[in-house]
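In: Test case, fold it:
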Amino acid sequence: MGIEEVLSAPRSPWQSPYVERLIGGIRRECLDNVVVLHERQLRRILTTYFAHYHRWRCHQGLEMDCPEPRSIQGREHGTVVEVTEGGGLYRHHERLAA
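Out: Next up, the predicted model:
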């Protein structure tokens, strides 16, 4: 496959920008807002975060779409309501069926 391992120096964020962006995003958007008491809770929080990240969060690199594209909901689908996830950490808006 032609894949080579590239080693980076410890504590050198400029050498691994993609990983640093991912870890920084998880910390800022998720873990800075909760107190984690045990591993099971951490796994549950991260599972909820990644579900929100892939289904609802807009990404500039994807032209403000999500990794899992969603269909456009027209006005005929009903009124817009706010839906909370992750114990209130994340919110998105959906249309309720008429």
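
In: When you work out contacts or count neighbours from here on, use the C-alpha atoms and nothing else.
Out: Noted.

In: Other residues contacting the helix or strand containing Y49?
Out: Following DSSP states H and E, one finds Y49 within helix 39-55. The contact list for helix 39-55, computed with C-alpha atoms under 8 Å, 6 or more residues apart in numbering, reads C30, V36, C66, P67, E68, P69, R70, E85, G86, Y90.

In: what are the bridge partners for R95, then?
Out: V80 (DSSP bridges).

In: Would you state the helices of the protein in chain order?
Out: Secondary structure of the chain (DSSP state H): helices at 17-29, 39-55.

In: Out of the ones you listed, flag the one nearest R11.
Out: Nearest to R11, of all those, is helix 17-29, at 10.4 Å by C-alpha to C-alpha.

In: quick one, the closest one and helix 39-55 angle?
Out: Calculated by axes from the mean of the first three to the mean of the last three C-alpha atoms, to 10 degrees, helix 17-29 forms an angle of 110 degrees with helix 39-55.

In: rewinding a little: any chance of TSV for the contacts of helix 39-55, columns distance to I3?
Out: Formatted as TSV, these follow (distance: C-alpha to C-alpha, whole Å):
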residue	distance to I3
C30	32
V36	37
C66	28
P67	25
E68	27
P69	30
R70	33
E85	38
G86	37
Y90	37
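
In: Closest one of these to R11?
Out: C30 (22.1 Å).

In: Find the residue closest to that closest one in space, skipping its chain neighbours.
Out: Nearest non-adjacent residue to C30, counting by C-alpha to C-alpha, 6 or more residues apart in numbering: Y49, 6.8 Å away.

In: Could you give the number of residues near that neighbour?
Out: 20 (other C-alpha atoms under 10 Å).

In: any idea how far W56 is from it?
Out: Distance of Y49 to W56, given as C-alpha to C-alpha, to the nearest Å: 10 Å.
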